[in-house]
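Student: sequence below, structure please.
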Amino acid sequence: MDRFKALMISKAEGEPGGQRVAWTTLAPEELMEGEVLVRVTHSTINYKDGLAITGKAPILRRWPMIPGIDLAGIVEASDVPDYKPGDAVLVTGCGLGEAHYGGYAQYARLKAEWLVPLPEGLSAADAMAIGTAGFTAMLCIMGLEAHHVTPDKGPALVTGAAGGVGSIAVAVLAGLGYEVHASTGRPEEHDYLTGLGAKEIVDRAELSEPSKRPLQKERWAGAVDAVGSHTLANVLAQTRFRGAVAACGLAQGPDLVTTVMPFILRAVTLVGINSVEVPRAERLEAWRRLARDLERDKLASMTTTRPLSDVTELAGEIVRGRVRGRIVLEVD
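Tutor: This is a model prediction of the structure:
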């Protein structure tokens, strides 16, 4: 390997978002520090990747940067005994594509502690169909379980249900026996969501306006919210006694205008989910659960495969909410 292709984001005054996004070639010695060199075979695109490439939010913490917060591939070289050439691995989060060169390249040099051995039963393409979105969804579900939200307690709501996090949350919750209610602003996705296991479709408009009452009719035992803002406030106001809401996104906005009423009168728990900095044991458990609890046919039904060269086009689409489910990027 002499040189390889990578997508690079550099600061550029006068350009959209104050940055320039272009394909370039790098030599291995230009990669960042790490004990393990990985040949990247697959990646994916998450909402955060779209924000980074379009410059719609200050995602990058170092310049220039190779974006891509997820990758899967094969170990080429290793300085640690835990990994050897030929091992199949994946990485999600851990600052990839933000502070450390990420997955939109043919090679990546990474810290060994970030790597997860590819779980048994998952291919590299499966792992990237799951990616940070699916990993986040599982962390949310584990958070609900930790607060005793079980299928017998009542329906579970998923907001932003046609997106990456939402699609996998719907599929996994349904597979675990929950009655899943899926909130979306895209009525054309009704059949898609019911195919993943949703029993009821909730119009996004029911939840997206400012909350008029601090407590509303109790509807859900638990919820996975990827939207934030007014939607999260309304979800909290409609959560049942001793229910829980796992919050992992801000597609509608980062604000949260609510009251303490759901927390002190209904004992509702708001569970914050950070999928970037996750203890290794919890990270391994989440991937074990995904390999076990996510039905492969449902994963396939929500997944589209595209070449990595399409990622700049896809970035704009995902930010505008035009991407359904998950996209696997094949790295040539």
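Student: the closest residue to residue 98 other than its chain neighbours: neighbour count?
Tutor: Of all residues not flanking residue 98 in the chain, residue 61 sits nearest, at 5.2 Å (CB to CB, 6 or more residues apart in numbering). The C-beta positions use only the backbone N, C-alpha and C, and glycine is treated the same way. Burial measure for residue 61: 11 neighbouring residues, criterion other CB atoms under 10 Å.
Student: from memory residue 61 sits against residue 97, does it?
Tutor: No: using CB atoms under 8 Å, residue 61 is not in contact with residue 97; the gap is 10.0 Å.
Student: helices along this structure, start to end?
Tutor: Using DSSP state H, the helices found in the chain span residues 47-54, 124-146, 164-175, 190-196, 229-237, 261-265, 280-293, 296-301, 311-319.
Student: I'd like these as JSON lines, with distance to residue 214 and mean neighbour count appended.
Tutor: JSON lines is the format used below for the helices of the chain (distance: least, CB to CB, whole Å; neighbours: other CB atoms under 10 Å):
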{"stretch": "helix 47-54", "distance to residue 214": "30", "mean neighbour count": "24"}
{"stretch": "helix 124-146", "distance to residue 214": "23", "mean neighbour count": "25"}
{"stretch": "helix 164-175", "distance to residue 214": "26", "mean neighbour count": "29"}
{"stretch": "helix 190-196", "distance to residue 214": "30", "mean neighbour count": "19"}
{"stretch": "helix 229-237", "distance to residue 214": "6", "mean neighbour count": "24"}
{"stretch": "helix 261-265", "distance to residue 214": "4", "mean neighbour count": "15"}
{"stretch": "helix 280-293", "distance to residue 214": "33", "mean neighbour count": "16"}
{"stretch": "helix 296-301", "distance to residue 214": "37", "mean neighbour count": "15"}
{"stretch": "helix 311-319", "distance to residue 214": "32", "mean neighbour count": "18"}
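Student: tell me, what residue is most central in this protein?
Tutor: Residue closest to the average C-alpha location in the chain (CA atoms, centre = their mean): residue 133, at 1.8 Å.
Student: touching, that residue and residue 164? I think so.
Tutor: Yes: assessed by CB under 8 Å, residue 133 is found in contact with residue 164 at 3.2 Å.
Student: joint contacts of those two?
Tutor: 46-47, 326 (CB atoms under 8 Å, 6 or more residues apart in numbering).
Student: quick check, pLDDT for the nearest residue to residue 154 once chain neighbours are set aside.
Tutor: Leaving aside its sequence neighbours, residue 154 sits nearest to residue 221 (CB to CB, 6+ apart; 3.5 Å). With respect to pLDDT, residue 221 scores 98.
Student: sorry, back to before: and the residue nearest to the centre of the chain, how far from residue 193?
Tutor: According to CB to CB, to the nearest Å, residue 133 stands 16 Å off from residue 193.
Student: residue 229 too?
Tutor: Counting by CB to CB, the gap from residue 229 to residue 193 is 22 Å.
Student: and residue 148, by the same measure?
Tutor: Distance, residue 148 to residue 193, by CB to CB: 26 Å.
Student: please list all residues in contact with the residue nearest to the centre of the chain.
Tutor: Each residue near residue 133 by CB under 8 Å, 6+ apart is listed here: 44, 46-47, 163-165, 167-168, 326.
Student: low-confidence ranges, the stretch 1-150 of the chain, go.
Tutor: Along the stretch 1-150 of the chain, segments meeting pLDDT under 70 span 1.
Student: strands of that one, start to end?
Tutor: 4-11, 19-26, 36-44, 70-78, 88-92, 107-110, 116-117 (DSSP state E, counting those that start in this stretch).
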